[in-house]
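Visitor: sequence first, predicted coordinates after that:
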Amino acid sequence: MKKSILYSLFLIVLSSCHFDIKESKNVSDLESIQLKTLFVDLNNNHVDLIQYRGKRIILNYWATWCGPCIKEMPGLKRAEELLEKHNYVLLLVSDETIHTISEFKINKNFDFNFLKSTKSIETLGIYSLPTSYIFDENGKKIETIVGTIAWDSEESIEKFKKI
């Protein structure tokens, strides 16, 4: 009886363990993020980040209530325009409701590719906003930026061009 109880407890503990998907050498950093959460656009359509393979991706996590996030958006927009010809795509991700993100987009008149994460940002290991991840054409994360930067500064643009 004790052995069966111990065995059952062992199976429960084992099945509840979290295995980091990154351990697989066949999964890129971008695919790892995609496996942790589902992304939807503002029409509630599923967005697979893997569709951007072959492009450099800036994945910017933000919130409508985040003052620094909003403050950096004009620079992000200019950087998006400057980096587009260098094979970049910019995706702004929030875990707020689609309605909240859509209202923000209309009220602030920001024309970005906004996505909603179905998981809370905290469960993704993001504890400070804005946080941005830069991925190369193969989906490998090459940089993490926590906090705001001057996205459209000459220094930033030159740095991103070289990535």
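Guide: Perfect, thanks for sending it.
Visitor: let me know the secondary structure of the residue nearest the centre of the chain.
Guide: For the chain, the residue nearest the mean C-alpha position is residue 59 (4.3 Å; Cα atoms, centre = their mean). Classification of residue 59 using DSSP: H, G, I helix; E, B strand; the rest coil returns strand.
Visitor: hmm, residue 88 and it touching each other?
Guide: No - using Cβ atoms under 8 Å, residue 59 and residue 88 do not qualify as a contacting pair, with a distance of 11.2 Å. C-beta here means a position set from N, CA and C on the backbone, and glycine is covered the same way.
Visitor: how close does the residue nearest to residue 129 when sequence neighbours are not counted sit to residue 110?
Guide: Once flanking residues are discounted, residue 129 sits nearest to residue 66: 4.5 Å by Cβ to Cβ, 6 or more residues apart in numbering. Taken as Cβ to Cβ, to the nearest Å, the spacing of residue 66 relative to residue 110 amounts to 13 Å.
Visitor: likewise for residue 44?
Guide: Summarising the geometry, the distance separating residue 44 from residue 110, computed by Cβ to Cβ, is 19 Å.
Visitor: residue 73 now?
Guide: Using Cβ to Cβ, one obtains 6 Å as the distance from residue 73 to residue 110.
Visitor: residue 48 now?
Guide: Counting by Cβ to Cβ, the separation of residue 48 from residue 110 is 24 Å.
Visitor: for the protein, what spans make up the helices?
Guide: When assigned using DSSP state H, the helices of the chain occupy the ranges 2-16, 29-36, 67-83, 98-108, 154-162.
Visitor: end-to-end on stretch 134-146?
Guide: From the first residue to the last, stretch 134-146 extends over 11 Å; the measure is Cα to Cα, to the nearest Å.
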